[in-house]
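Q: generate a structure from the sequence data that follows.
(chains A and B)
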Amino acid sequence: MTITLSIFIPFLAAIFIPFIYKRIQNRHIGWFVIIVPIALFIFLASFIPSIANGSTYMHTIRWIDSAGIHFATYLDGLSLIFALLITGVGSLVILYSIYYLSERESLGRFYVYLLLFMGAMLGVVLSDNLMMLYVFWELTSISSFLLIAFWYHRKKSRYGAQKSMLITVSGGIAMLAGFIMLQSLTGSFSVREIVATIGQYTDEPLFLWAMLLVLLGAFTKSAQFPFHIWLPDAMEAPTPVSAYLHSATMVKAGIYLVARFTPIFGGEAVWFYTVSGVGLFTLLVGSFNAVKQTDLKALLAYSTVSQLGLVMSLFGLGSVALQHGYSPDSVIYTQATFAALFHLINHSTFKGALFMVVGIVDHELGTRDIRRLGGLMAFMPITFTIALIGSFSMAGLPPFNGFLSKEMFFEALVNARNLEVFSTGTVGTLFLVVAWIASVFTFVYSMIIVFQTFFGEFHPERVEKPSSEASFGMLVAPSVLAIFVVGIFFFPNVVGNYLLRPAMTAIYPSFAGAEGLVPHIKAWHGFNPALWMTIGVIILGTILYKLIKYWRGVYTIAPLRWNLDTAFNAGLTWLEGGSHFITRMYMKGYLKDYLVYIFTFFIVAVGGSILWTGSYSFDFTDNSPIAINEFLIVLAMAGAALAMIFAKSRMTAIILNGVLGYSIALLFVVFRAPDLALTQTVVETVTTALFLLCFYFLPEWKKERSARKTKIMNGIIALSAGTIVTVLALAVQGNKMFESISVYFEDAYLLAGGKNIVNTILGDFRAFDTMLEVVVLFIAGIGVFTLIKLKTGKEDKDIEDQ
Amino acid sequence: METLITVLVGLLVTVAVYLLLSRNLIRVILGTAVLSHAAHLLLMTMGNGLKKGSAPLLGENANSYVDALPQALILTAIVISFAVTAFLLVLAYRTYKKTGTDDLHALRGFNDE
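A: Numbers count the residues shown, from 1 in each chain, chains lettered A, B, ... in the order given. Below you'll find the model as predicted:
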């Protein structure tokens, strides 16, 4: 129950922020906000011991039984890791924002969005019901959109926001389709139930589609190739947001999804090849592109892309373990998953710290362009230290946590190469080579961050602001993360036993408690291939870094300059142009055309279905007799109606309309409807008066200047519509399919205490309808009143506005 | 009787649609008025037959009454259609005052591009 509540707390807090912001319009508003993630972090952290002992927490609020949609939360090892990251990094980011954001920014809005995101993200990782997961998933996309566009006056911010929204939301919709397929396969939206029953459905054709669609959602969210293009543009967001959403949490939602769905899809060859292949390729593309960036934030964005690829590929590799059930060999694959989870945590720590460092540099110097920076070490020692720790960890150097997980990554790939599941022989080697090359580039860009920013000569004239070390408050958050980077290196098994063990159980429910599922993490394990690979990375990386100016030219080789952004932009322009063109084709702005569409549709749809179903059988036997006076009334009406079309003056037309109205009143008398006759008489009188009043202001009719062809066309449409109405009505009268309910109202005196049945229906049985009818009258009255009262002076201004 | 009225309804609909498709604003409004007349009559014919029984007033102590339900519906519809007609008329009046035309084709070019 309390876990369910913890999803809502950020949303509730977000509601109150605007009110608090009215009182406290300065940076201190952040102190109120920070309470939320800290409290949640402590609350969630209190679950660590029991979760580590193997318990899980499930809470369901039943909601829509018929559709199987419930508000179900589920806390296990895997969700706990993410929930702790969300609230932990969230606290630090808010702390950092308090000092980072200027008081002139609309802080209220910023924190509302941030809390909105936090709630949505907690919802994603704590949901058990797929529909709930989907809604929260899209909510993270929306809050990310709002945060990227926080400085909405900038064109680039808006562009980045739109791009990220389009890509992640379309991926989300694909994922929704996948979820629905899973539901139709297994009959349940609950992840746990699907995990339990999916085994019998793996041969269904839908299974593969569901898998691919879910992966599409994961890949778009986690910026995997070729969807990674939104992440660099998302860097237009304020730096705390980049640190939080676009490196530590939101982009990991896709990873979470893959991990969560490993028990469902794992063991399938397609799953393995797609996840690992895409992941490794993303790793390579990301790291390769990161090297050429000159903007520190863009560099970090590409590095995030590549690191996400790394984690993704490890999850793919780990899924192989599920193919044959547990055997001693499985450990080789489960280790990959273990490494993935471990690296996930590590990445959040070092990348979060690095983003904050870049934010500090930007904040203090007014630029984050590598070409303009240099020599910052002299006056920013603490920032430099944090940057050094973060970068070296990212490069995979000891004594930082990145070294441990990078070693495990290599080890997993080396081991996987030796095994012949899915005949990975040559592919395995290819994977290994790709991973190694990507790591070399990772090393190079990590060095760029440290050496080109903090070493070399400082040129004060190249930066915007006079420089000094950042304020204490801004350094706290990255320092905490840096301490974790070092701390995890020295005590990795604390993380391993308390956080990773239960998460491993969540991913491999069938292997629970198996030996070797949670390896003992060691910094030193002899000169094994993994270590040699690391040494190779360092040597080649250093050489490449030193010689970078000689090979930078490769980035300008044509094929590398073709990029997906151009394709995306061209596609977007083309789509906009196309839809504009199509809309222009039929949205012409003439009332007549729209009415023609409506009537033509009516004629085709209704007339067509009458013909199609052959339901034009009539039955005239039940007709009442026609008296001569009635016949005359009808004849008069028909004449008046026809004459209306040919009326030369508007006066004739309105008189003819009056004839129609009063004749109907007469007909109502004939049909034994005294109330209607009275009302109709009154209304017709007032309507005619109104028409006449209006004619006083309106010009006399001019002859219709329409072409003859148009008139004939209109005539045909009108005639067809009239015929179809008649045919339809006759068909309905001839085939009464239901008993009339009118008899019920004949007990009016008993039920409603009135003798006039029509009145009791209006005033009692359907009183609400009558009330709403009065509301409609009232609204129309207001409309009439305002339209008449509107002053001319205002009008002129209106025209100017347009 | 029912068939006769239904044919009349068809005729009214034809006239109404023809008026609606014309270019003059007043003709369009007249078209809506005629269309609502047609709808009222159509509702009437949909009941339990016309003229079968006395007026739906229980005080009459008749053996049978005509169908009261369509009557109630029509009563509502009359009032609503009156409101709509009134609103449209005032709208036409305003449009003419502001633009100097009641021709819908001419309005298309006004203040748009």
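
Q: tell me who's in contact with A:Tyr302.
A: A:Leu231, A:Pro232, A:Gly286, A:Ser287, A:Asn289, A:Ala290, A:Gln293, A:Tyr445 (CB atoms under 8 Å, 6 or more residues apart in numbering or on different chains). For every residue, glycine as well, the C-beta is placed using N, CA and C.

Q: select from the residues you listed the one having the most neighbours.
A: A:Gly286 (29 neighbours; other CB atoms under 10 Å in any protein chain shown).

Q: any idea how many residues pack against residue 47?
A: In the absence of a named chain, this looks at chain A. So A:Phe47, with other CB under 10 Å, has 22 neighbours.

Q: oops, wrong one, chain B.
A: Neighbour number of B:Gly47 under other CB under 10 Å is 22.

Q: let me have the contacts of A:Tyr302 in CSV, adding secondary structure and distance to B:Glu60 as columns.
A: Formatted as CSV, the contacts of A:Tyr302 follow (DSSP: H, G, I helix; E, B strand; the rest coil; distance: CB to CB, whole Å):
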residue, secondary structure, distance to B:Glu60
A:Leu231, helix, 80
A:Pro232, helix, 83
A:Gly286, helix, 87
A:Ser287, helix, 92
A:Asn289, helix, 89
A:Ala290, helix, 91
A:Gln293, coil, 91
A:Tyr445, helix, 95
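
Q: between those residues, which is nearest chain B?
A: Comparing those against chain B with CB to the nearest CB places A:Pro232 closest, at 38.6 Å.

Q: quick check: pLDDT value at the closest one.
A: With respect to pLDDT, A:Pro232 scores 89.

Q: now do the contacts for A:Gln307.
A: So A:Gln307 contacts A:Leu283, A:Gly286, A:His343, A:His347, A:Lys351, A:Met394, A:Thr442 (CB under 8 Å, 6+ apart).

Q: that one and chain B: what is the separation?
A: Computed as CB to the nearest CB, to the nearest Å, the A:Gln307 to chain B distance reads 51 Å.

Q: wasn't that residue part of a helix?
A: Yes. Counting by DSSP: H, G, I helix; E, B strand; the rest coil, A:Gln307 is found in a helix.

Q: can you show me the helices along chain B?
A: Per DSSP state H, chain B carries helices over the ranges B:2-20, B:25-45, B:68-99, B:104-108.

Q: returning to that earlier point: please flag which of the contacts of A:Gln307 sit within helices.
A: A:Leu283, A:Gly286, A:His343, A:His347, A:Lys351, A:Met394, A:Thr442.

Q: quick check, pLDDT for the last one.
A: In this case it means A:Thr442. 92.

Q: same deal with the fourth one?
A: Reading off the confidence values, A:His347 has pLDDT 92.

Q: who's in contact with it?
A: Neighbours of A:His347 in contact, by CB under 8 Å, 6+ apart: A:Ser247, A:Ala248, A:Gln307, A:Val311, A:Gly402.

Q: try 10 Å this time
A: A:His347 is in contact with A:85, A:247-248, A:252, A:255, A:303-304, A:307-308, A:310-311, A:393-394, A:401-402, A:405, counting by CB atoms under 10 Å, 6 or more residues apart in numbering or on different chains.

Q: cool, and the third one?
A: Going by CB under 10 Å, 6+ apart, A:His343 touches A:Gln307, A:Leu310, A:Val311, A:Leu314, A:Asn401, A:Gly402, A:Leu404, A:Ser405, A:Lys406, A:Met408, A:Phe409.

Q: ok, now the fifth one?
A: Remark: with contacts taken as CB under 10 Å, 6+ apart, A:Lys351 is in contact with A:89, A:242-243, A:246-248, A:300, A:303-304, A:307-308, A:390, A:393-394, A:402, A:481.

Q: at 6 Å what do you get?
A: Contacts of A:Lys351 were listed using CB atoms under 6 Å, 6 or more residues apart in numbering or on different chains, and they are A:Ser247.

Q: tell me the SS of A:Met58?
A: Following three-state DSSP, A:Met58 is assigned to strand.

Q: bridged to it, which residues?
A: A:Tyr74 (DSSP bridges).

Q: before we move on, back to that, wait, which of the helices of chain B is closest to A:Ile788?
A: helix B:68-99 (6.2 Å; CB to CB).

Q: quick one: distance of that closest one to the chain centre.
A: Centroid separation for helix B:68-99 versus its chain: 9 Å, with CA atoms, centre = their mean, to the nearest Å.

Q: counting contacts, what elements does it pack onto?
A: On a contact count with 3 or more CB pairs under 6 Å, 6 or more residues apart in numbering or on different chains; DSSP states H and E, helix B:68-99 meets helix A:674-697, helix A:757-760, helix A:767-789, helix B:25-45.

Q: is chain B contacted by the longest one?
A: Yes. Judged by CB under 6 Å from any CB of the partner chain, helix A:674-697 comes into contact with chain B at A:Pro674, A:Leu676, A:Thr679, A:Gln680, A:Val683, A:Thr687, A:Leu690, A:Cys694, A:Phe697.

Q: angle of that helix against helix B:68-99?
A: If you take axes from the mean of the first three to the mean of the last three CA atoms, to 10 degrees, helix A:674-697 sits at 10 degrees to helix B:68-99.

Q: in what helix or strand does the nearest residue to A:Gly88 once chain neighbours are set aside lie?
A: Once flanking residues are discounted, A:Gly88 sits nearest to A:Phe41: 5.2 Å by CB to CB, 6 or more residues apart in numbering or on different chains. Using DSSP states H and E, the element containing A:Phe41 is helix A:29-45.

Q: what's that helix packed up against?
A: Helices and strands touching helix A:29-45, by 3+ CB pairs under 6 Å, 6+ apart, are helix A:2-23, helix A:77-100.

Q: out of these, which one sits most buried?
A: Ranked by mean neighbour count, those are led by helix A:77-100 with a mean of 25 (mean count of other CB atoms under 10 Å in any protein chain shown).

Q: quickly, which of the helices and strands packed on helix A:29-45 bottoms out on average pLDDT?
A: Among the helices and strands packed on helix A:29-45, helix A:2-23 carries the lowest mean pLDDT, at a mean of 88.

Q: next, count neighbours for residue 51.
A: Using chain A. A:Ile51: 26 neighbours (other CB under 10 Å).

Q: not what I meant, chain B
A: Number of residues near B:Lys51 (other CB under 10 Å) recorded here: 16.

Q: do the one 3 residues further on as well
A: Look at B:Ser54: counted by other CB under 10 Å, it has 14 neighbours.

Q: contact partners for it?
A: B:Glu60, B:Ala62, B:Tyr65.

Q: over to A:Tyr555?
A: Taking CB under 6 Å, 6+ apart as the criterion, A:Tyr555 is in contact with A:Lys292.

Q: just the buried residues of stretch A:331-341, please?
A: For stretch A:331-341, a neighbour-count test (16 or more other CB atoms under 10 Å in any protein chain shown) marks A:Val331, A:Ile332, A:Tyr333, A:Thr334, A:Gln335, A:Ala336, A:Thr337, A:Phe338, A:Ala339, A:Ala340, A:Leu341 as buried.

Q: between all of the residues you listed, which two are separated the most?
A: Using CB to CB, those span at most 16.1 Å, a distance reached by A:Ile332 and A:Leu341.
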